[in-house]
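any chance you could fold what I've pasted below:
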Amino acid sequence: MDKITSKNNNLIKDTKKLFTSSKYRYEKGMLVLEGARLCFDVLNCICEVEYVLFTEDMLKKYGDKISQLSQMSKFSFVITPEISEKLSETKSPQGIFACVKMPPKRIDDLGKKIIVLDNVQDPSNVGAIIRSAEALGIDTIITYQGCDIYNPKAIRSSMGGVLRMNICNVDDLCAELKTLKSKGYMIYSTVPDNNAMKITEIDFSLPSVCVIGNEANGVEDEIKAASDLLITIPMLGRAESLNASVAASITMWEMLR
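Predicted coordinates:
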């Protein structure tokens, strides 16, 4: 087992760049996971592991799991605590990282229940929505503009859901919605508007697509125009709107009832 001791090692530089640059992640088709929970989740996912990095302390603590992870990967390296701190995107690094290939997407079989994220920017919101979607049995998430789902914060907030959910990004959401409508899907856009149809009155038995809008501006006008219905979550309090991830979770719960 090789050991890396220099912060200037090229692999370490590349790993850090995968953390910090969305463009570089997509150029390489890879992302980096950090922490025991996320890295060991790979043992139960269909993921191609390029390499793993871990400190000696982590090897002592999780020897069996690290051995399994190393067997799945092309390379494995012991790193120093200093390198772990350099790489880490958290305040208290655990000392384990896994570089994996981006999961394949099912573009021809999206399932019957789809959530669309229209320019949702906050990585914590995106990750939380992915986590809820996985828990509630949503078939596919479609993203349009907004935050990169492989942003480290989004990955952590999703609790590894980005590795297991079918998540597809589109460049032209209007065109995608029109295609889905032609295939028999009902298209709903969620809005904070009392004049919209209450979500509790919607029959989601047909194949359904629900659009969650940007945190500040909501769903884009042209997306609303391409929808079959505008729907809203009834609220009795004085708040004008809900956090995007909360609105998405309530919407998904209603879709699957």
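
spatially nearest residue to residue 9, not counting backbone neighbours?
Using C-beta to C-beta, 6 or more residues apart in numbering and skipping residues adjacent in sequence, the residue nearest residue 9 is residue 83, 7.8 Å away. Glycine gets a C-beta too; all of them are placed from N, C-alpha and C.

would you agree that neighbour falls within a strand?
No - counting by DSSP: H, G, I helix; E, B strand; the rest coil, residue 83 falls outside a strand, being helix.

which residues does it contact?
Counting by C-beta atoms under 8 Å, 6 or more residues apart in numbering, residue 83 makes contact with 4-7, 9, 12, 53.

now these in JSON lines, with secondary structure and neighbour count?
Shown next, in JSON lines, are those (DSSP: H, G, I helix; E, B strand; the rest coil; neighbours: other C-beta atoms under 10 Å):
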{"residue": "4", "secondary structure": "strand", "neighbour count": "15"}
{"residue": "5", "secondary structure": "coil", "neighbour count": "10"}
{"residue": "6", "secondary structure": "coil", "neighbour count": "11"}
{"residue": "7", "secondary structure": "coil", "neighbour count": "15"}
{"residue": "9", "secondary structure": "coil", "neighbour count": "14"}
{"residue": "12", "secondary structure": "helix", "neighbour count": "19"}
{"residue": "53", "secondary structure": "strand", "neighbour count": "26"}
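
now these as a markdown table including pLDDT and distance to residue 218?
Formatted as a markdown table, the contacts of residue 83 follow (pLDDT from 0 to 100; distance: C-beta to C-beta, whole Å):
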| residue | pLDDT | distance to residue 218 |
| --- | --- | --- |
| 4 | 97 | 47 |
| 5 | 96 | 51 |
| 6 | 96 | 49 |
| 7 | 93 | 44 |
| 9 | 97 | 46 |
| 12 | 97 | 42 |
| 53 | 98 | 41 |
